[in-house]
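Colleague: next come a sequence and a model predicted from it.
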Amino acid sequence: MSEKYREAVAYICCGVMTTMVSWGSYSIFTLLLNPYQTAFSIWDMEFPAVVFAANVLSWVCTVTFAFVTNKIWVFHSRCWKRAVALPELGKFVAARLATGLIEIAGVPFLVSCGLDQTVFGIEGMAAKAAVSVLVLILNYVFSKLLIFRKS
């Protein structure tokens, strides 16, 4: 398999695992936080606090998992020296913050706009799936072009 396709296939495989971490941790946090049902409003829109908090916590778990898998298996950046790993981590976190803001705001926004279907008993999972597709694409572009570039 050529390098071009190997990287794409590895990214898709790691992306699927990362999505599983995201959705799994979101589900766990939603279930754990469920007794604390409250809401908050921004611009006259009501957001469920459990969905927001579960999404933030899920994002932290997901970014940690994604950095390690992308660094090692997708982009073959195996150097863990500070001079290499810290700048990569900084750029990775910055890029994921950008897409994380899309996800953190996008899921509750879509839920409040009516994409509030419960899937497998998990509130907001349809919105989570829709936002995940956009985030997956953006994350690959940032990782490929900005973070793990070959010298």
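Modeller: Received, thanks.

Colleague: shaky segments in the protein?
Modeller: Along the chain, segments meeting pLDDT under 70 span 1, 4, 36, 39-40, 151.

Colleague: mind listing the helices for it?
Modeller: For the chain, the helices defined by DSSP state H occupy 3-33, 49-69, 82-112, 125-142.

Colleague: for K150, which of those helices is the nearest?
Modeller: helix 3-33 (10.1 Å; Cβ to Cβ). For every residue, glycine as well, the C-beta is placed using N, CA and C.

Colleague: what angle do the closest one and helix 82-112 make?
Modeller: Helix 3-33 runs at 60 degrees relative to helix 82-112, counting by axes from the mean of the first three to the mean of the last three Cα atoms, to 10 degrees.

Colleague: quick one: buried residues of helix 3-33?
Modeller: Using 16 or more other Cβ atoms under 10 Å as the test for burial, helix 3-33 gives 7, 10-11, 14-15, 18-19, 21-23, 25-27, 29-30, 33.

Colleague: correct me, but S112 touches D44?
Modeller: No - counting by Cβ atoms under 8 Å, S112 sits too far from D44 to count as a contact (10.2 Å).

Colleague: out of the two, which sits in the more crowded spot?
Modeller: Neighbour totals were compared for S112 and D44, and S112 leads with 19 against 5 (other Cβ atoms under 10 Å).

Colleague: wait, what's in contact with that one?
Modeller: By Cβ atoms under 8 Å, 6 or more residues apart in numbering, the contact set of S112 is 45-47.

Colleague: state the distance from it to A83.
Modeller: For S112, the distance to A83 equals 45 Å [Cβ to Cβ, to the nearest Å].
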